[in-house]
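A.B. asks: I'd like to go over a predicted model; first the sequence, then the structure.
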2 protein chains.
Amino acid sequence: MELDKAIAALNNPVRRNILMWLKDRSNFPPALPEHGDLEGVCVQYIREKANLSQSTISNYMGVLKHAGLVASERHGQWTFYRRNEEAIRTLLAAIEEELLNS
Amino acid sequence: MELDKAIAALNNPVRRNILMWLKDRSNFPPALPEHGDLEGVCVQYIREKANLSQSTISNYMGVLKHAGLVASERHGQWTFYRRNEEAIRTLLAAIEEELLNS
DNA sequence: TATATAAATCGATATATTTCGATATATGGA
DNA sequence: TCCATATATCGAAATATATCGATTTATATA
């Protein structure tokens, strides 16, 4: 957990929104039938919700992924992104530790 | 509490260090006798600890102050900065809420 | 194999941030 | 009042970030 990179990833309202949206699959259109059993949301759906270009969203997902805050899984042409809950909790704990303790 | 501004303020390792240092007055040289009863640390001491220019530190303290994370009090030629513990706790709660809940 | 679609990468421009030195503004003291 | 010191502000250069459209890459399918 590189705090620096994670905080930088959070330092953008759209990326924070994406993390929030990903808490609940129902923020996005229903999964295709053949993807029903997969976790995560494809870039296209995130793009539509954020209303930014495909390249921007791909970039943002890369930033979130390099920060460890999301994980991705490729299935066919699609990349499905989902929150990394453990990393998010670890980050919160680290920020709290740094800001409050010792 | 403007989350955006507060996260931006945290998105710099020196500013985060300053917030950490300010947790404990003993991270800085002792206060002058005539300042013994004042809370906070003057810009000069913070500057020495951070080893950056005076203008940079003055700027950083302004960023932290506009984000609400520190408060300042002028006494004579000196401005004493101290943590705003309540605002820091509020910020942590807001980040946690945004990242984890609902 | 040719084509369509999803996602990633590239290159560019506009804007923001970091950091500095120089200057301006308080304030306190000789 | 004049000077020294603490801080704030200004203007600039270097670097980083946001965001785009175009291109490339991977995959699926006709």
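C.D. replies: Received, thanks.
A.B. asks: DNA strand C contacts on chain A?
C.D. replies: Proximity of chain A to DNA strand C, by C-beta under 7 Å from any atom of the strand, involves residues A:42-44, A:47, A:54-55, A:58-59, A:61-62, A:72, A:77-80. The C-beta positions use only the backbone N, C-alpha and C, and glycine is treated the same way.
A.B. asks: filter the residues you listed to the buried ones?
C.D. replies: A:Cys42, A:Val43, A:Arg47, A:Met61, A:Trp78, A:Thr79, A:Phe80 (16 or more other C-beta atoms under 10 Å in any protein chain shown).
A.B. asks: pLDDT score assigned to the first one?
C.D. replies: Translated: A:Cys42. Note for A:Cys42: predicted pLDDT of 97.
A.B. asks: Dihedrals phi and psi, the closest residue in space to it that isn't next to it in sequence?
C.D. replies: In space, and not counting its chain neighbours, A:Cys42 is closest to A:Trp78: 4.5 Å by C-beta to C-beta, 6 or more residues apart in numbering or on different chains. Dihedral pair for A:Trp78: phi -100, psi 140, per degrees, to the nearest 10.
A.B. asks: so A:Trp78 bridges to which residues?
C.D. replies: A:His75 (DSSP bridges).
A.B. asks: Out of the buried ones among the residues of chain A next to DNA strand C, list just those in helices.
C.D. replies: Counting by DSSP state H, these place A:Val43, A:Arg47, A:Met61 in helices.
A.B. asks: Could you find the closest non-adjacent residue to the second one?
C.D. replies: By that I understand A:Arg47. A:Ile57 (4.4 Å).
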